[in-house]
Structure formats: C-alpha cells, structure tokens
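> okay, predicted coordinates and the sequence, questions at the end:
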Amino acid sequence: MNKSLLLHLLFGISALLIYSTLNAQNDSSPYMLTSKAETQKRIDDYLQLFKLGYTEKEIFEDLGNVNFLIENYDTAVFWYEKLLDITGQGELNSNYYDRYQFAMQKAGLKEGNAKLKEKDWMAMIREDYQLNTGNSNTISNPSSTELAVLAGLPSITDDSYSDPADHILAYDPPMAITNNGNTAFFAWAIKQKPLYGIFSKEQTVYKIFKATKRNGSWKQVTQVAVCPKYASALHPTVSPDGKRLFFASNMPGTFGAYDIYVSDIGNDGSISSPKNLGEKVNTAKNELYPNVVENAMLTFASDGRKGQGGLDLYAAKIGRSSLSLAVNLGNPLNSTRNDYALLINPDKNRGYVMSNRSGAQKAVQQIAFTYNEGDGKAETVFAEDQFMEILNSEIKTGYSNTVFDDQEP
C-alpha cells in the first residue's frame with residue numbers, strides 16, 4: 001500500500017473513530033449533548049493537529065487547554081477525559097487533573113470546590129508548557145495558543161470584537177514560521193481602551209506577535225509594532241525567503257475595512273514600517289488571509305470585487321518592489337460561498353483550498369487539488385487556467401507608497 005493511500009486511510013479511520021465516539025457520548029453523557037457544529041469542530045480540530053504530526057497525548061492536552069482558556073468547559077472536559085483515558089488517573093499531571101475537575105464543576109457535572117476556584121489557571125498552563133514534555137517549548141512547530149501561553153498573554157473570551165461580515169475570524173490560518181524554523185508570527189486578541197471616550201469599555205483588537213527560537217527552545221515572544229494600538233493586525237504570513245511579512249489590517253489609511261500590507265524583515269529581525277499594497281490588491285471592502293508562494297505569487301481572499309460569491313481567492317505576481325494586478329482565480333477554485341485561503345506546495349504541484357462551500361456556514365473544509373504546469377489542467381480535482389497564467393505573468397506595477405508611520409507614544 002503506498003504512503004499516500006495509507007495516510008488517507010488513517011485520516012479517514014481517525015475521523016470515523018472520533019465521530020463514532022462523539023455520537024456515542026452524545027447519547028449517554030449530559031455534557032456531551034453537543035450540536036452537530038461543535039461535534040464537527042472537534043473532529044476538525046483533532047485531524048488538523050494529527051496531520052501536523054502531533055501525538056494523541058499532545059492533541060488531547062492542547063485541545064483541552066485551548067477550550068479551557070476560552071471557557072468552553074464542556075469541550076475541555078471532553079478532551080481532558082480523552083487524555084485521562086490514555087494516561088490513567090494516577091499518571092495524569094496534577095495540573096491537568098485540577099483543570100479537568102474545575103471544568104467539570106463549571107459544566108455543572110460536580111459540586112463546587114473553593115480550592116479549585118482560587119487557582120491561577122493561566123500560570124499553571126504556562127508552567128505545563130515550560131516542562132520538558134511533548135508540549136514543551138522545544139516543539140518544532142508550536143501553535144499560537146502554546147506561544148501565547150508561554151508569553152503569558154491573556155485569553156480574550158468575550159464577544160466585543162465585531163466582525164459584521166463574519167469573515168475575519170472564520171478561518172484560523174496556519175502558524176507563519178520562517179523556513180529556518182527559528183521565527184514564528186501569530187495574531188492574538190488583546191484588550192485596548194478606545195481612542196475616544198474616557199469612560200468607554202475596553203475593546204478587543206488583534207495584534208501580531210513574534211516568537212524566536214534559541215537553542216532549540218521558544219522563549220522570546222514580543223509584539224510586532226505594525227499598526228496603531230487602536231487598530232488590528234492579523235493573518236500574518238512570511239515570504240519563503242524570510243524577508244517580508246504580509247498581513248491584514250484595518251489601520252487608518254486603508255482603502256476599505258481590511259487591507260493587505262507588507263513589511264520588510266531585516267537581517268537582525270527588525271520589522272520595517274508597513275506598506276499598503278494599494279488598489280492593485282485592496283478594495284473598499286475586505287482583503288484577508290495573504291499567502292506567498294515561492295517569493296513570486298501572493299494569494300489572498302477578497303469580498304470587494306465581483307466574483308463567485310462571498311470571499312473569493314485572488315492572486316498577484318510580486319517582486320521586491322513591484323506588484324501585478326490581482327486576478328480572480330475563478331471556478332472551481334472559488335465557489336458561491338466563502339473561500340478563505342489557497343495553500344500551495346509547488347514541489348508536488350498540489351494545493352488546498354480552505355472553504356465553507358459545503359453549505360455549513362461555520363465549517364471550513366480543506367479541499368485538495370493538483371495542477372499540471374505543462375498545460376494548466378488538473379490531474380485530479382481542479383483545473384484552473386488562470387492559476388498557471390498568474391505563475392507565468394510579468395511584473396508590471398509598483399507598490400502603493402502608502403506607508404504607516406505611528407506617532408502614538
């Protein structure tokens with residue numbers, strides 16, 4: 001049996017087992033009477049980490065902690081019980097067991113315990129990630145949650161961050177890690193007092209953070225100053241050569257709600273003032289989820305142009321100081337629903353579209369496709385002539401000279 005087929009079988013079997021387990025527990029456990037959307041999310045979360053190479057123990061730890069931090073206690077209990085099943089109650093780290101007991105209490109499955117209420121849960125989780133275990137700061141591909149915990153960043157759980165278009169946070173893109181594996185960029189929610197209104201309630205904004213790996217450990221996490229403190233910056237991605245950081249932001253000076261910006265990354269790791277990519281890319285609405293392929297092509301999602309519907313995928317040829325007009329990648333890469341991101345593996349002529357085209361508004365799926373450089377025809381799932389046209393197009397126009405210069409103290 002070839003490796004590809006074996007992996008597909010493993011993923012399929014894993015999904016089936018998780019789905020069966022969830023359904024069985026939905027029938028028997030009061031706290032597992034979850035919606036279909038939550039059930040599907042648990043399956044998707046598991047498979048995403050499984051495909052990244054995490055062990056079952058690491059997956060159950062991470063998903064338990066993530067849901068605990070966002071106060072989704074029912075699901076935290078679910079994953080902590082999975083962890084308990086494979087480790088045994090006597091072998092489970094006491095911090096995990098305490099969180100499991102507290103989550104059960106908050107989910108209404110056990111009576112309150114004053115001692116549990118007094119614990120500093122964030123400090124405990126940070127301590128767990130700093131231990132020399134599979135979830136330590138020596139992992140090669142951390143999640144944003146792991147890095148945020150290491151940095152002591154608070155978890156924002158309220159709904160004060162508004163996204164009327166329901167686009168901004170619908171899909172969580174992969175961690176942006178440089179090719180040498182030593183620098184990671186991620187977005188995280190923080191609280192910020194608004195610019196106006198001395199008695200106004202704090203608002204939730206997103207900021208980009210940089211983590212640096214030294215001597216094999218992720219130790220230094222700092223905020224990257226690419227936008228004013230009252231604006232958001234998110235969806236960071238790094239060019240393959242590690243010299244440019246692309247991201248989406250709603251900072252003053254955008255053409256619409258969210259625009260795509262680029263900053264240069266210096267040899268010393270410094271980040272330059274960002275440049276707006278201008279009207280060749282940005283519109284009066286949203287441009288989101290940038291991704292760079294082989295330092296030559298920028299792909300992104302936009303709802304500001306006439307397309308198939310919702311967010312459509314676009315691509316533009318990029319150079320060091322130039323940019324071509326963005327082109328819609330068309331059908332079937334795009335659909336009548338939201339298509340969030342295009343992830344490409346040029347070495348294998350393979351890629352993935354992240355989309356909710358299945359009809360479930362909140363369910364983002366990974367749809368695989370292959371392409372042929374010779375004739376632009378698909379070998380398995382998708383065909384798209386414009387995709388190959390973008391890869392071979394000439395560089396024509398320059399970046400916008402719109403440059404952010406923050407004067408705020």
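That came through fine. Numbers count the residues shown, from 1 in each chain.

> now do the helices in the stretch 101-250 of the chain.
114-117, 121-130, 144-151 (DSSP state H, counting those that start in this stretch).

> where does the stretch 251-400 of the chain have low pLDDT?
Regions of the stretch 251-400 of the chain meeting the criterion pLDDT under 70 cover residues 347-348, 359-362, 371-400.

> residue 366 contacts residue 350, doesn't it?
No - using Cβ atoms under 8 Å, residue 366 and residue 350 do not qualify as a contacting pair, with a distance of 11.9 Å. C-beta here means a position set from N, CA and C on the backbone, and glycine is covered the same way.

> summarise which helices and strands the helix or strand residue 37 falls within is packed against.
Under the criterion DSSP states H and E, the helix or strand holding residue 37 is helix 36-51. When contacts are defined as 3 or more Cβ pairs under 8 Å, 6 or more residues apart in numbering; DSSP states H and E, helix 36-51 sits against helix 3-28, helix 56-69, helix 73-87.

> pLDDT (mean, whole number) over the longest one?
Per-region confidence: helix 3-28 scores 39 on mean pLDDT.

> so what's residue 283 up against?
With contacts taken as Cβ atoms under 8 Å, 6 or more residues apart in numbering, residue 283 has the following neighbours: 255, 256, 302, 304, 305.

> tell me the domain ranges of this structure?
For the chain, the structural domains run 3-136, 176-398, going by automatic domain parsing.

> out of those, deepest packed?
Ranked by mean neighbour count under mean count of other Cβ atoms under 10 Å, these are led by domain 176-398, which reaches a mean of 18.

> tell me how far residue 218 lies from residue 240.
To residue 240, residue 218 is 21 Å away according to Cβ to Cβ, to the nearest Å.

> ugh, wrong one, residue 86
According to Cβ to Cβ, residue 86 stands 37 Å off from residue 240.

> same check, this time on residue 350
Here residue 350 is placed at a distance of 16 Å from residue 240 (Cβ to Cβ).

> then residue 207?
Between residue 207 and residue 240 the distance is 24 Å, computed by Cβ to Cβ.

> please apply the same query to residue 220.
Using Cβ to Cβ, we find residue 220 at a distance of 23 Å from residue 240.

> ok, residue 148 next?
With distances taken as Cβ to Cβ, residue 148 is found 25 Å from residue 240.

> swap in residue 282?
23 Å.

> and what of residue 295?
In this view, residue 295 and residue 240 are 5 Å apart by Cβ to Cβ.

> quick check, residue 255 in a helix?
No - counting by DSSP: H, G, I helix; E, B strand; the rest coil, residue 255 is located in no helix; its state is coil.

> let me see the contact set for the nearest residue to it once chain neighbours are set aside.
Distances taken as Cβ to Cβ, 6 or more residues apart in numbering put residue 282 closest to residue 255, at 4.4 Å, once the chain neighbours are dropped. Shown in contact with residue 282 (Cβ under 8 Å, 6+ apart): 254, 255, 256, 259, 260, 276, 304.

> closest to residue 94 out of those?
Distance from residue 94 was checked for each of the contacts of residue 282 by Cβ to Cβ. The minimum falls on residue 260, at 45.8 Å.

> for the top strand by length along the chain, packing partners?
Counting residues, the longest strand in the chain under DSSP state E turns out to be strand 203-214. Strand 203-214 makes packing contacts with helix 144-151, strand 183-192, strand 217-223, strand 233-238 when contacts are defined by 3+ Cβ pairs under 8 Å, 6+ apart.

> may I have it as PDB, with CA atoms only?
Output for strand 203-214, consisting of C-alpha atoms alone and laid out as PDB, is shown next (Å, rounded to 0.1, in the frame of the first residue of the first chain):
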ATOM      1  CA  GLN A 203     -12.400  46.800  23.000                       C
ATOM      2  CA  THR A 204     -10.800  43.700  21.600                       C
ATOM      3  CA  VAL A 205      -8.200  44.200  19.000                       C
ATOM      4  CA  TYR A 206      -5.800  41.700  17.300                       C
ATOM      5  CA  LYS A 207      -2.000  42.200  17.300                       C
ATOM      6  CA  ILE A 208       0.800  40.300  15.700                       C
ATOM      7  CA  PHE A 209       3.400  38.700  17.900                       C
ATOM      8  CA  LYS A 210       6.800  37.300  17.000                       C
ATOM      9  CA  ALA A 211       8.400  34.300  18.700                       C
ATOM     10  CA  THR A 212      12.100  33.500  18.500                       C
ATOM     11  CA  LYS A 213      13.600  30.000  19.000                       C
ATOM     12  CA  ARG A 214      17.000  30.000  20.700                       C
END
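
> what ranges of the stretch 1-150 of the chain fall below the confidence cut-off?
For the stretch 1-150 of the chain, counting by pLDDT under 70, the residues that fall below are 1-36, 48, 50-53, 89, 111-118, 126-142, 146, 149-150.

> same thing but 80
Within the stretch 1-150 of the chain, the segments meeting pLDDT under 80 span 1-55, 69-70, 88-91, 110-150.
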